[in-house]
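Asker: Sequence first, then the predicted structure, then my questions.
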Amino acid sequence: MYKNILVPIIFDETKTPDAAIAAAKTLASDGASITLLHVIEELPSYASTYIADEYLERSAETVAARLTQIAAGIEGGVGVVTTGHSSRTILDYAENNGSDCIIVSSHKPGVQDYFLGGTAARVVRYAQCTVHVIR
């Protein structure tokens, strides 16, 4: 169905990317590209002074290694690590790289988000391509 699928990945102890990756595999056409994207939130300048640059670099390397490992098990899979604001970066990446589908996971929302998590809601609202939400 889709040729260029984007799957934003967050590494959280409470959830795994398995459901989103399974959906991507199901929706992928033959020869499709499935990009696993992890966005490292940029720290405010006042907070970044308290964190060693080496720690940030090691964190990014650890995430990249984990994404590469996951992507290796997916036909057409590739891992990408970037920095920025999560929803805006996901939307920009999808538009700049010709994604025709985004598969985003959503947590069980609170009152402030009611139906979807904040990032998922913004991606659904502003994406220029199809979005599938996995819970």
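Answerer: It's in.
Asker: starting at the chain centroid, how far to the lengthiest helix in the chain?
Answerer: Taking DSSP state H as the criterion, the chain has its longest helix at helix 53-72. Centroid separation for helix 53-72 versus its chain: 14 Å, with Cα atoms, centre = their mean, to the nearest Å.
Asker: Summarise which helices and strands it is packed against.
Answerer: strand 28-40, strand 77-83 (3 or more Cβ pairs under 8 Å, 6 or more residues apart in numbering; DSSP states H and E). Using the backbone N, CA and C atoms, a C-beta is placed for each residue, glycine as well.
Asker: now the first one: how far from the chain's centre is it?
Answerer: Distance of strand 28-40 from its chain centroid, counting by Cα atoms, centre = their mean, is 9 Å.
Asker: May I have the helix or strand of the chain with the lowest mean pLDDT as CSV, with CA atoms only?
Answerer: Here the helix or strand of the chain ranked lowest by mean pLDDT, DSSP states H and E is helix 45-48, holding a mean of 80. Output of helix 45-48 as CSV, limited to C-alpha atoms (Å, rounded to 0.1, in the frame of the first residue of the first chain):
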residue,chain,number,x,y,z
SER,A,45,20.2,26.3,27.3
TYR,A,46,19.8,26.7,31.1
ALA,A,47,19.5,22.9,31.4
SER,A,48,22.2,21.9,29.0
